[in-house]
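**Q** Fold the following for me, if possible:
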Amino acid sequence: MMKPKIWSPAIWLFVFLISVICHTPQAFPWGSNAHERMTDAACDSLPAEISSFFTKHRQELAYHANDPDRWRRELLFRIGLKYEKDLNSGQFTAELRQLFETHGIEFPQDASVSLRGKDGRWFITVDEQEYPIRKESDKLYLLGDKINLLENRSAAPVLLGSEEGTHVVLDTKEKLLSLTSLNVYKTGDPSEGPRHFLDIDLYGPYPFVELPHNYDDAVAKFGEGTVIKRGLATWRIANYTQLLSEAMKSGHAEKIVQTAGALAHYVEDIHMPLHVVKNYNGQLTNQHGVHQRFEDDMVDAYTEQIHLTPKMASEIEDPLETAFDIVLDSYVYADNLLHADRQAKLGEDSYGTPYLEKFFRFSGWIAVQRMSEAASATASYWYTAWLRAGKPELK
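**A** All right, here's what the predicted structure looks like:
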């Protein structure tokens, strides 16, 4: 995901509580912080022959580990609570138009601008360009920087406002829980989403032998549309391993870093248990929003207590088969994660601090284990790509 832009002083600051509503599975990556941490840890898990290159470029690698999410959609800006009534009534006011233009989206005088609902979501359409609007909650955003609200409910009242002196004091839990905001995105590559997941349990019972691992065979059996809809992550990983080998042969450092970062993203995504099951957001068990509560809210809130311990990289014999093995490994954690969410919610009327404390107690071990293994696997894929490239010197 793209890091939030720093808002101009004239733009309002907002509090909101993150719970994801009505999204397809590709809308949920590991949080950007988690991807950066796993990719950074992978740099320390490499053999000496290539570790110096990856250590040298570790910051760029961590940044590019979120590229696939940027390709999928670009966060433009956030709309405050004051506009929710306008949006719900289908109005596109002059003030809202000005907000878009402040963020560099200029509408031609004769542009056709409309606001409409589709599949439970709002879209602002300018000519033929759609800007999806996503309602979110559970986080505090101050001048574009994400601050975890849930750990600080007992602290001094939260003060929000512009640099020009207009402030709103949020001094009660009720006020914090009542505020919401809307994210506005620019739609990116529509084919990118399915590359981040594989809903393996749509292919019969474990160990899902109904799904051929060869892509052409899978398409011949189920049809290309079905295979794409159910997820392409394993084949994407195999393809990007080859692309990284080619980049390493070329010796182009920037290309190597960009490709390695993207490969890391895909490898890390399939280590998240809810990236490999049809109940990816708890929508089948009345646990809507569990995906982001686990990989974003909880991981961010307890990041200091999540210590990654990846193993050293080793050569991967078959990148595609290894990716399928990772999917199977992740699958066995999904029920545990969903059970932890249900247990943490018992007796709670919100997903605030008490819920998160229990959720981390019940499922934090899953985050630690899967993130550590993701870092190990990422390093191993990088190392394997280098070996297949003929062990070139990386500069």
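
**Q** Where does pLDDT dip in this protein?
**A** 1-31, 74-90, 115-122, 133-187 (pLDDT under 70).

**Q** Packing partners of the longest helix anywhere in it?
**A** Ranked by number of residues, the top helix in the chain under DSSP state H is helix 353-388. For helix 353-388, the elements it packs on are helix 32-43, helix 48-56, helix 233-250, helix 253-269, helix 299-301, helix 319-345, judged by 3 or more C-beta pairs under 8 Å, 6 or more residues apart in numbering; DSSP states H and E. In short, each C-beta sits where N, CA and C put it, glycine included.

**Q** how about it: buried residues?
**A** 353-360, 362-364, 366-368, 370-388 (16 or more other C-beta atoms under 10 Å).

**Q** coming back round to it: include mean neighbour count and distance to residue 311 when you put the helices and strands packed on helix 353-388 into CSV, please.
**A** Converted to CSV, the helices and strands packed on helix 353-388 look like this (neighbours: other C-beta atoms under 10 Å; distance: least, C-beta to C-beta, whole Å):
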stretch, mean neighbour count, distance to residue 311
helix 32-43, 24, 11
helix 48-56, 16, 14
helix 233-250, 21, 19
helix 253-269, 24, 14
helix 299-301, 22, 21
helix 319-345, 19, 14
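
**Q** quick one, which of these is nearest to residue 308?
**A** helix 32-43 (4.5 Å; C-beta to C-beta).

**Q** Quickly list the domain ranges of this protein.
**A** 24-72+191-388, 74-187 (automatic domain parsing).

**Q** Now distance to residue 395 too, for those, in TSV please.
**A** Shown next, in TSV, are these (distance: least, C-beta to C-beta, whole Å):
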stretch	distance to residue 395
domain 24-72+191-388	6
domain 74-187	32
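
**Q** And the strand or helix carrying residue 61, what does it pack against?
**A** Using DSSP states H and E, the element containing residue 61 is helix 58-64. Packing partners of helix 58-64 (3+ C-beta pairs under 8 Å, 6+ apart): helix 32-43, helix 253-269.

**Q** hmm, try it at 10 Å
**A** The helices and strands touching helix 58-64, judged by 3 or more C-beta pairs under 10 Å, 6 or more residues apart in numbering; DSSP states H and E, are helix 32-43, helix 48-56, helix 253-269.

**Q** going on from the longest one, what's the next piece of helix or strand?
**A** Where DSSP H and E defines the elements, the next helix or strand beyond helix 253-269 is helix 290-292.

**Q** what helices or strands is that next one leaning on?
**A** helix 319-345.

**Q** related to what we said a few turns ago, in CSV: the helices and strands packed on helix 58-64, plus distance to residue 222.
**A** CSV is the format used below for those (distance: least, C-beta to C-beta, whole Å):
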stretch, distance to residue 222
helix 32-43, 30
helix 48-56, 38
helix 253-269, 21
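
**Q** And the helix holding residue 61, how far out from the chain middle?
**A** 16 Å (C-alpha atoms, centre = their mean, to the nearest Å).

**Q** Convert that helix to PDB, retaining C-alpha atoms only.
**A** Extracted in PDB, the C-alpha atoms of helix 58-64 (Å, rounded to 0.1, in the frame of the first residue of the first chain):
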ATOM      1  CA  ARG A  58      17.600  -3.100   2.400                       C
ATOM      2  CA  GLN A  59      15.700   0.200   2.600                       C
ATOM      3  CA  GLU A  60      14.900   0.200  -1.100                       C
ATOM      4  CA  LEU A  61      13.900  -3.500  -0.900                       C
ATOM      5  CA  ALA A  62      11.500  -2.800   2.000                       C
ATOM      6  CA  TYR A  63      10.000   0.000   0.000                       C
ATOM      7  CA  HIS A  64       9.500  -2.000  -3.100                       C
END
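
**Q** hey, where'd the strands end up in the stretch 1-150 of the chain?
**A** 14-16, 73-79, 113-118, 121-126, 129-136, 139-142, 145-147 (DSSP state E, counting those that start in this stretch).

**Q** that older thread, quick one, which of the helices and strands packed on helix 58-64 is nearest to residue 113?
**A** Here helix 32-43 is closest among the helices and strands packed on helix 58-64 (C-beta to C-beta), at 30.6 Å.

**Q** What angle do helix 353-388 and that closest one make with each other?
**A** Per axes from the mean of the first three to the mean of the last three C-alpha atoms, to 10 degrees, the angle that helix 32-43 makes with helix 353-388 is 40 degrees.

**Q** from the chain's centre, how far out does helix 32-43 sit?
**A** 13 Å.

**Q** Ramachandran angles for residue 65?
**A** phi -60, psi -20 (degrees, to the nearest 10).

**Q** My read is that it contacts residue 38, right?
**A** Yes. Under the criterion of C-beta atoms under 10 Å, residue 65 makes contact with residue 38 at 7.5 Å.

**Q** For residue 286, the count of nearby residues, please.
**A** 7 (other C-beta atoms under 10 Å).

**Q** OK, contacts around it?
**A** Shown in contact with residue 286 (C-beta atoms under 10 Å, 6 or more residues apart in numbering): residue 342.

**Q** Next, count neighbours for the closest residue to residue 123 other than its chain neighbours.
**A** In this structure, residue 123 finds its nearest non-sequential neighbour in residue 130, 4.8 Å apart by C-beta to C-beta, 6 or more residues apart in numbering. By the criterion of other C-beta under 10 Å, residue 130 has 15 neighbours.

**Q** what sits opposite residue 130 in the beta ladder?
**A** residue 125 (DSSP bridges).

**Q** what sits up against stretch 57-65?
**A** Looking at what lies outside stretch 57-65 - C-beta under 10 Å, 6+ apart - the contacts are 3, 30, 32-44, 53-55, 70, 253-254, 256-268, 378, 382, 394.

**Q** Touching, residue 106 and residue 127? I think so.
**A** No. Taking contacts as C-beta under 10 Å, residue 106 lies outside contact range of residue 127: 12.0 Å.
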